[in-house]
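Novice: show me the folded form of this:
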Amino acid sequence: MRPKARSTELVVHDMSGETLVYDLKTSKAHCLNETSALVWNSCNGSRSIGDIALVLESKLGPPVDEDIVLLAVKQLGDKDLLASRFEYDLPMPSRRALIRKIGLASAVVIPVVASMVAPLAVMASSCVCVNPGSCLSQTSCPSQVNCNGSHICSP
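Specialist: You can find the predicted model right below:
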């Protein structure tokens with residue numbers, strides 16, 4: 001099992017403590033905390049889960065359990081940030097089980113991948129309605145239903 005990070009159709013921006021990844025294919029933005037970012041950057045297709053755990057130990061300091069790497073790799077796979085499907089035969093650890101296992105003080109190393117769908121550019125536009133019926137005739141309006149009191153098309 002040697003996971004490989006996806007590198008195509010992504011815009012990546014590293015910030016202090018986290019990495020932002022915008023997926024051009026799905027129009028989703030993903031925020032990887034430090035642990036998840038380290039795991040993702042370590043997934044080069046030649047490192048095993050144990051090797052990645054050693055990379056995390058060298059960067060974060062305290063010993064890193066392989067279950068932490070497994071959870072991060074699963075989350076990255078679920079968000080389609082790996083080049084190939086990640087298959088693992090044993091039960092995956094949950095965050096709750098990991099916190100119980102490693103202790104609350106070390107919970108800061110728990111991987112987190114938060115995602116959201118980015119709005120389309122057309123959703124940022126608004127149209128001004130001259131009269132209530134003009135929303136129906138303006139093709140650029142996001143809503144073809146009605147105008148609000150400020151003469152702006154509204155859903």
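Novice: Asp80 against Val21, yeah?
Specialist: No - if you go by CB atoms under 8 Å, Asp80 and Val21 don't touch, sitting 10.4 Å apart. Where you see a C-beta, it was placed from the backbone N, CA and C, and this is true even at glycine.
Novice: settle it for me: which of these two has more neighbours?
Specialist: Val21 (24 against 15; other CB atoms under 10 Å).
Novice: ok, now which ones touch the more buried one?
Specialist: Leu10, Val11, Val12, His13, Ala29, His30, Cys31, Leu32, Trp40, Leu81 (CB atoms under 8 Å, 6 or more residues apart in numbering).
Novice: show the contacting residues for the second one.
Specialist: Meaning Val11. By CB under 8 Å, 6+ apart, Val11 lies in contact with Val21, Tyr22, Leu24.
Novice: which SS state does it fall under?
Specialist: strand (DSSP: H, G, I helix; E, B strand; the rest coil).
Novice: now tell me which helix or strand of this structure has the poorest mean pLDDT.
Specialist: helix 134-137 (a mean of 51; mean pLDDT, DSSP states H and E).
Novice: buried residues in stretch 41-50?
Specialist: Asn41, Ser42, Cys43, Arg47, Ile49 (16 or more other CB atoms under 10 Å).
Novice: low-scoring stretches of the chain, by residue?
Specialist: For the chain, the stretches flagged by pLDDT under 70 are 87-112, 118-155.
Novice: any idea which of the buried residues of stretch 41-50 is closest to Leu56?
Specialist: Nearest to Leu56, judged by CB to CB, of the buried residues of stretch 41-50 is Ser42 at 7.5 Å.
Novice: correct me, but that closest one touches Ala53?
Specialist: No - the criterion here is CB under 8 Å, and Ser42 misses it with Ala53 at 9.3 Å.
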